[in-house]
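1. Only the shape, not the letters, is given here:
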């Protein structure tokens, strides 16, 4: 078995605040030790990893023998490798890595990914290798452009892709694999090489793409029906935008279906399984002990740096209930009112990366965070309260004539984004779960 990681293991982007960094470094130590214990053959060094500090990541790599690769990245001293060749059971797999060529790598130099990958493919084919795998941290458009411009890549593991139970056909004849984000899924690909073949096909791709296209078309129909029944121009506009979005998705699925159908029957064949690491997967006792120890270290970091509650322009949900009793009662029956408890139950309430979406005022409002910036500053603003949806209430309490905001889809997607919930969030479908309409009546 060959084991690879698509990058950004330690963090999700190049942006990492000084408050987030100490905790994230503790998590990185945990992940590096766990990866070392479980075994890995190649891993991409992407901007989210380097955000923790290139010297820090290099030290982890040396301590835990982590095989980093990034073909267009130079952090000095031959780190990371430009390419790797892995041999197991007589099969030779060459691995390349592509990262952004923008200034996202302090302490390193990133160059044009297309040129670096083209040179890498030539080196590996001359080695020779049986399969070339590209670990890809590029956004969708530059990734597609690279695959169109550089032939000869068989499998692409995209660290930015949403989970793909069935791979997408890649420009150039290979397959794109999407393990998803946050380490919640593991992709397992088995394949059979066909002598002389230059293309790949996956045994469930055609059915999955047809299903996906049909599902998007149904969503288009539903959104258009919602637009016809909408109460007011705002709801109609939201529904029509949903219809437009799903129509584009349906067209994309149809294009991929046509491309997959056109693949020659003389092709390498593959079968992909996406394993979700939920409660059905038993925890490894040794790794769980490492996780528990890391949580204790993270909690100790916060406890050693005590802070005071930061309310800013917020007053907390208790202050709202005096005048809005029925709405407060309705809110108390929602999951939002238990958001903080869900963190406490997992001993994650002091986790800098988690707390904001479980508290009030910690997510940017009008472009900036106006309330707590750290877990120790939450105080009475725990849970997703009234002001999470309606905005800061201090001025409204002083003068009730001061209007509060009406929540829109953008109010929610700061937390209910495609990364946090794997794309499940649908504003019109979720809104009734938290609506005060029944309470108002």
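-> Everything's here; your move. Everything numeric here is computed off the predicted structure, so don't read it as measured data.

2. Just list what the one helix or strand residue 298 maps to packs against, helices and strands only.
-> With elements taken from DSSP states H and E, the one containing residue 298 is helix 285-303. For helix 285-303, the elements it packs on are helix 21-38, judged by 3 or more CB pairs under 8 Å, 6 or more residues apart in numbering; DSSP states H and E. Yep, even glycine has a C-beta here, placed from its N, CA and C like the rest.

3. I'd like the average pLDDT over the helix it packs on.
-> Confidence for helix 21-38, expressed as mean pLDDT, is 92.

4. got it, and stretch 269-289?
-> Model confidence over stretch 269-289, given as mean pLDDT, is 86.

5. follow-up on the earlier one: mind listing residues that contact the helix holding residue 298?
-> Applying CB atoms under 8 Å, 6 or more residues apart in numbering, the external contacts of helix 285-303 come out as 22-23, 26-27, 29-30, 33-34, 37-38, 347-348, 350-351, 374-376.

6. And those residues, which of them are buried?
-> Under a neighbour-count criterion of 16 or more other CB atoms under 10 Å, the subset of the contacts of helix 285-303 counted as buried comprises 23, 26-27, 29-30, 33-34, 348, 350-351, 374-376.

7. and the helix holding residue 298, which residues are buried?
-> Neighbour counts over helix 285-303 (16+ other CB under 10 Å) mark 290, 291, 294, 295, 298, 299, 302 as buried.

8. do stretch 270-279 as well
-> Residues of stretch 270-279 classed as buried by neighbour count (16+ other CB under 10 Å): 270, 272, 274.

9. Poorly predicted segments of the stretch 51-200 of the chain, please.
-> 159-166 (pLDDT under 70).

10. care to break the protein down by domain?
-> Following automatic domain parsing, one finds the domains of the chain at 4-199+264-276, 203-262, 308-440.

11. Which among those is found nearest to residue 282?
-> Across the domains of the chain, residue 282 has its closest neighbour in domain 4-199+264-276 (12.5 Å, CB to CB).

12. quick check, distance from the closest one to the centre of its chain.
-> 15 Å (CA atoms, centre = their mean, to the nearest Å).

13. if we can go back for a sec, could I get the buried ones among the contacts of helix 285-303 as JSON lines with distance to residue 184?
-> Rendered in JSON lines, the data for the buried ones among the contacts of helix 285-303 read as follows (distance: CB to CB, whole Å):
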{"residue": "23", "distance to residue 184": "19"}
{"residue": "26", "distance to residue 184": "20"}
{"residue": "27", "distance to residue 184": "15"}
{"residue": "29", "distance to residue 184": "21"}
{"residue": "30", "distance to residue 184": "16"}
{"residue": "33", "distance to residue 184": "20"}
{"residue": "34", "distance to residue 184": "15"}
{"residue": "348", "distance to residue 184": "15"}
{"residue": "350", "distance to residue 184": "22"}
{"residue": "351", "distance to residue 184": "16"}
{"residue": "374", "distance to residue 184": "25"}
{"residue": "375", "distance to residue 184": "22"}
{"residue": "376", "distance to residue 184": "28"}
